[in-house]
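Asks: Any chance you can model this:
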Amino acid sequence: MKVSVLGAAKEVGRSAFLVNSNSTGILMDYGVLLKREPIFPMHVRPKDVDAVVITHAHLDHSGFVPSLFLSDSAAVQVLATLPTFELSQLLIEDMIKISGFYLPFEYIDISTMMKHSRNLQYKETYKVNDMKITLHESGHVLGGASIIVEHEGKRLFYTGDINTRGSKLLRPADLNFDDIDLMIIESTYSQTEQMPREDAEKELLEFAYEVLDRNGTLFIPAFSVERAQEIACVLKSYNFRYKVVMDGMAVKANQIMLKHPTFLKNAEVFKRAINEAEWITGWNRRKSVIREPCVIISPAGMLVGGSAVFYLQEIAKSERNGVAMVSYQGEGTPGRTLLDRKVVNFDGRERKCLADVRRFEFSGHNSRSELFEILEHIRGNPKVLTVHGDGPSCTKFAEEIRVKFGFESKAPNAGEVVEV
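Replies: Down below sits the predicted model:
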């Protein structure tokens, strides 16, 4: 069994790994890195791929899959959970609307991709020629999965994006499986310990009351899939007494997520949190709600577009208001600029943000200690590939794994092939 690294190995984005054995090819994820122009993984010929398995809906894992269906003769199977398919379609269609000029595929290719889809349940073994595929709950986003690939007694484990602590929204990742021969593990926060989730929740709650008690409005820009809904669930779980408003693509994600209660940690809490929030669907209400003491949750999480731009420009005008940053802020994004310099872009001109801006740690990824706990749990003597992190996060993590566990470990380069 050979694994080819097709995407970015030592950075976050465009995840893609091709597993080959005999005449079978399994592609695990095929994502894009969204910058000013999308950056794609290495090209793979559709005829060399029997199936692509999508771990979860985020575009850095799912966004380039439609490119496999540009030819009418493409016969690639697409495997994922049903929520992953529905959320992926939502996000990819939005990407086409924003970045379509730079993409090699169109809406029709998403439709073709969905026609080739096959919904998998967690722990359901599915055969692709001489390989077996099994998905395990990853705890990262709704429907998210880690992947086990088996062939001739060898077993590969790809974590995808993983969260073993769970959240208000999702159950912890499932690590209940047998010995592993090759492990591909994310390294996003391998060098960082994040704040305990309960502490982050309480700090956010205190900030929300601080802003609203002075008759201000709190704006929370959040990723439309999972983060926006988790923040709503956090506020509900603490019986937050002010109005919560949701807007933008998060509303469409709400509708999808409500259809899949079995994938949630507590479906009833989720339903109450989402249904009791006000869903904004028009500009008249959007313009009036910013003058009310309430919490507004809206994409984009990095403030690169969507209704978040309107809300930020209005919220920034008053020191009574607040902005709670709960999502990762990439270099060069408006969100990072707001955090670092406390300025907002108004039609190409920068202006000082008068609102109180604070950052809260609500990552869906494991921290450093939790990544090591995964390795302690793994059975067997696997080779380990450290991926999905900036350069030092991958290389240092690989060195530490060698020293601590004695596993053969490395941070692979794009294009590298590993055999087991």
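Asks: and Arg379, what is it in contact with?
Replies: Residues near Arg379 by Cβ atoms under 8 Å, 6 or more residues apart in numbering: 178-180. (Glycine included, C-beta is placed from N, CA and C.)
Asks: Run through the helices of the stretch 151-300 of the chain in chain order.
Replies: Here the stretch 151-300 of the chain has its helices, by DSSP state H, counting those that start in this stretch, at 197-213, 227-237, 249-257, 267-276, 283-289.
Asks: pLDDT, distance to Leu212 and neighbour count added to the contacts of Arg379, as CSV?
Replies: Formatted as CSV, these follow (pLDDT from 0 to 100; distance: Cβ to Cβ, whole Å; neighbours: other Cβ atoms under 10 Å):
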residue, pLDDT, distance to Leu212, neighbour count
Asp178, 94, 51, 9
Asp179, 97, 53, 13
Ile180, 98, 49, 20
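Asks: from these, which ones fall inside strands?
Replies: Among the contacts of Arg379, none falls in strands (DSSP state E).
Asks: Looking at those, spot the one nearest Asn163.
Replies: Nearest to Asn163 among those is Ile180, at 19.1 Å by Cβ to Cβ.
Asks: if I pick the closest one, what's in contact with it?
Replies: Going by Cβ under 8 Å, 6+ apart, Ile180 touches 155-157, 378-380, 382.
Asks: can the residues you listed go into TSV with extra columns for pLDDT and distance to Leu70?
Replies: Supplementary listing: the contacts of Ile180 in TSV, determined by pLDDT from 0 to 100; distance: Cβ to Cβ, whole Å:
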residue	pLDDT	distance to Leu70
Arg155	98	33
Leu156	98	28
Phe157	98	31
Ile378	95	38
Arg379	95	41
Gly380	96	39
Pro382	98	36
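Asks: Just the buried subset of these, please.
Replies: Buried members of the contacts of Ile180, counted by 16 or more other Cβ atoms under 10 Å: 155-157, 378, 382.
Asks: Tell me the one among those residues nearest to Ala57.
Replies: Closest approach to Ala57 among those (Cβ to Cβ): Phe157, at 20.7 Å.
Asks: Quick check, that closest one in contact with Ala145.
Replies: No. In this structure, Phe157 is not within contact of Ala145 by Cβ atoms under 8 Å, at 11.7 Å.
Asks: how does the protein divide into domains?
Replies: As given by automatic domain parsing, the domain ranges for the chain are 2-192+364-419, 197-359.
Asks: Once you drop chain neighbours, what's closest to Leu135?
Replies: Among residues not flanking Leu135 along the chain, Ala145 sits closest, at 3.9 Å (Cβ to Cβ, 6 or more residues apart in numbering).
Asks: Do I have it right that that neighbour meets Thr81?
Replies: Yes. At 6.2 Å, Ala145 counts as touching Thr81 under the criterion of Cβ under 8 Å.
Asks: the more surrounded of these two?
Replies: Taking other Cβ atoms under 10 Å, Ala145 and Thr81 do not tie; Ala145 has more neighbours (30 against 25).
Asks: Look up how far His61 lies from that one.
Replies: 10 Å (Cβ to Cβ, to the nearest Å).
Asks: CA-only coordinates of stretch 305-315, as PDB, when you get a sec.
Replies: Output in PDB follows, covering the C-alpha atoms of stretch 305-315 (Å, rounded to 0.1, in the frame of the first residue of the first chain):
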ATOM      1  CA  GLY A 305     -17.200  38.600   2.800                       C
ATOM      2  CA  GLY A 306     -20.800  37.900   3.400                       C
ATOM      3  CA  SER A 307     -23.100  39.800   5.800                       C
ATOM      4  CA  ALA A 308     -20.200  40.000   8.300                       C
ATOM      5  CA  VAL A 309     -18.700  42.900   6.400                       C
ATOM      6  CA  PHE A 310     -21.900  45.000   6.800                       C
ATOM      7  CA  TYR A 311     -22.200  44.100  10.500                       C
ATOM      8  CA  LEU A 312     -18.600  44.900  11.300                       C
ATOM      9  CA  GLN A 313     -18.700  48.300   9.600                       C
ATOM     10  CA  GLU A 314     -21.800  49.200  11.600                       C
ATOM     11  CA  ILE A 315     -20.700  47.700  14.900                       C
END
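Asks: What are the buried residues along it?
Replies: The neighbour-count criterion (16+ other Cβ under 10 Å) identifies 306-315 as the buried residues of stretch 305-315.
Asks: now, which of those lie within helices?
Replies: 307-315 (DSSP state H).
Asks: per-residue confidence averaged over stretch 335-348?
Replies: Taken as a whole, stretch 335-348 has an average pLDDT of 89.
Asks: swap in stretch 271-282?
Replies: Mean pLDDT, computed over stretch 271-282, is 95.
Asks: Give me the residues contacting it.
Replies: Residues outside stretch 271-282 that contact it (Cβ under 8 Å, 6+ apart): 229, 232-233, 235-237, 243-247, 251, 254, 257-258, 261, 286, 289, 297-298, 307.
Asks: What subset of those residues is buried?
Replies: Among the contacts of stretch 271-282, those classed as buried by 16+ other Cβ under 10 Å are 229, 232-233, 235-236, 244-247, 251, 254, 257, 286, 289, 297-298, 307.
Asks: Which single one of the contacts of Ile180 is nearest to His388?
Replies: Checking the contacts of Ile180 against His388 with Cβ to Cβ, the nearest one is Phe157 at 14.2 Å.
Asks: Distance check, that closest one against Ser138.
Replies: 11 Å.
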